[in-house]
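Colleague: sequence plus the predicted model coming up.
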Amino acid sequence: MSNDLCFLSATELRARIARKEVSPVEVVSAVLARAEALQPELNCFITLCGDEAMAAAREAERKVMVGEPLGLLHGLPVTVKDIVNTRGVKTTFGAVPYRDNVPTEDAVAVAKLRAEGAILIGKTTTPEFGSKCLTDSPLFGRTRNAWSAERSSGGSSGGAAVAV
């Protein structure tokens with residue numbers, strides 16, 4: 001069942017979490033396992049936030065079990081492109097000068113995702129400053145198309161597209 005969770009829609013996962021048919025821990029664990037397995041071949045993440053994501057998933061599960069109000073994205077794993085600031089998680093913009101940049105605040109979009117209960121599982125690759133039609137960068141190399149190594153994964157959101 002766990003790998004099957006990776007192929008359900010966000011709407012279906014959220015409904016199953018609310019009905020206690022599946023836990024946020026199961027969902028995040030399944031998604032992280034799949035991401036870790038495919039990363040060496042596809043190179044679509046600059047980082048995976050395994051420990052942080054699992055801690056957030058356990059907290060999300062606790063809220064479900066005690067009946068706390070749940071956000072619209074409660075327990076759902078999400079990724080964020082590497083040109084969007086994420087508090088405490090490296091944001092490099094795919095560029096060498098920012099290789100060690102770790103923001104102290106979330107971008108507004110990320111803060112809103114988290115406020116609704118989304119769980120950050122990782123940052124996806126982007127070309128330098130998101131400025132090319134191919135997803136490769138001097139920091140992380142080329143992101144591969146999930147369907148064909150002969151094809152591009154796309155432009156600045158290539159890592160995000162492949163991660164889906």
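Modeller: Structure's in. What do you need? Numbering: from 1, shown residues only.
Colleague: only C-alpha atoms for contact and neighbour calcs from this point on.
Modeller: Will do.
Colleague: for L48, phi and psi?
Modeller: Main-chain torsions, L48, degrees, to the nearest 10: phi -110, psi 140.
Colleague: any idea whether the residue nearest to it when sequence neighbours are not counted is helix, strand or coil?
Modeller: When the adjacent residues along the chain are set aside, L48 lies closest to G122, with 4.1 Å between them (CA to CA, 6 or more residues apart in numbering). For G122, the secondary-structure state derived from DSSP: H, G, I helix; E, B strand; the rest coil is strand.
Colleague: so G122 makes contact with F45?
Modeller: Yes: with contacts defined as CA atoms under 8 Å, G122 counts as touching F45 at a distance of 6.7 Å.
Colleague: burial of the closest residue to R142 other than its chain neighbours, as a residue count?
Modeller: When the adjacent residues along the chain are set aside, R142 lies closest to D136, with 4.1 Å between them (CA to CA, 6+ apart). Other residues lying near D136 total 27 when counted by other CA atoms under 10 Å.
Colleague: list the contacts of D136.
Modeller: Counting by CA atoms under 8 Å, 6 or more residues apart in numbering, D136 makes contact with T125, T126, P127, E128, R142, T143.
Colleague: with distance to A149, neighbour count and pLDDT added, can I get these in a markdown table?
Modeller: As requested, those are exported to a markdown table (distance: CA to CA, whole Å; neighbours: other CA atoms under 10 Å; pLDDT from 0 to 100):
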| residue | distance to A149 | neighbour count | pLDDT |
| --- | --- | --- | --- |
| T125 | 16 | 35 | 97 |
| T126 | 17 | 35 | 96 |
| P127 | 18 | 29 | 94 |
| E128 | 21 | 22 | 93 |
| R142 | 11 | 21 | 93 |
| T143 | 10 | 28 | 93 |
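Colleague: now V64: how far from F129?
Modeller: Applying CA to CA, to the nearest Å, the value for V64 to F129 is 39 Å.
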